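J.: build the 3D model from these lines:
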Amino acid sequence: DMSDPFHSAYLRGNLGAFAADMRRMINAPELSDVKFIVGEERKVVYAHRCILAYRCEAFRAMFAKQHLSCDAKGDDVPFDLSDVQPDVFLAVVEFLYTNCVMLSSRIALDVLTSAVEYGLDELQRLCVDYINSTLTVESA
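T.: Below is the predicted model of the structure:
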């Protein structure tokens, strides 16, 4: 009943605008509190622990483990992810920040592998859908 003074409703703002704002935080050094050294080319990727940890259990565990094993300075130590390509890692980060991901046939399988590794079911589903929709007889 709408005349109930305690009636509440869950209203959504513009999700595209929200994702665009969140996208601006991806790999932004300003206000970041964690660094990753990614790939053979050792590209630095800046991120925000709270976003990664609350969106992904694997990152939460990674940060907790570092916290336990280090002294007070430990939080400044970057994480070395030499076995993943920077563009693949950034696609995972993009998904965690925005719930959207830009895929290409060049990275889709590697992003899927990372999604499995990090336990990101929805990202796995997006990758599989993309791969299925782009697989043609010629490319198979």
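
J.: can you list the low-confidence ranges for the protein?
T.: For the chain, the stretches with pLDDT under 70 are 1-2, 70-75, 137-140.

J.: can you give me the helices for it?
T.: Secondary structure of the chain (DSSP state H): helices at 15-23, 49-55, 57-69, 86-98, 108-117, 121-134.

J.: between those helices, which one is closest to residue 37.
T.: For these, distance to residue 37 was read as Cβ to Cβ. The smallest value, 9.8 Å, belongs to helix 86-98. In short, each C-beta sits where N, CA and C put it, glycine included.

J.: quick one: contacts of that closest one?
T.: Identification of contacts with helix 86-98 by Cβ atoms under 8 Å, 6 or more residues apart in numbering yields 19, 22-23, 25-27, 36, 38-39, 41, 43, 45, 47, 51-52, 55-56, 59, 81, 100-103, 107, 110-111, 114-115, 118, 120, 122-123, 126.

J.: let's see that with 6 Å instead.
T.: Applying Cβ atoms under 6 Å, 6 or more residues apart in numbering, the contact partners of helix 86-98 are 19, 22-23, 26, 38-39, 43, 51-52, 55-56, 101, 107, 110-111, 114, 123.

J.: nearest residue to the middle of this structure?
T.: With the centre of the chain defined as its mean C-alpha position, the nearest residue by Cα atoms, centre = their mean is residue 93, 2.6 Å away.

J.: now do that one against residue 133, distance only.
T.: Taking Cβ to Cβ, to the nearest Å as the measure, residue 93 falls 23 Å from residue 133.

J.: now swap in residue 61 and tell me
T.: 33 Å.
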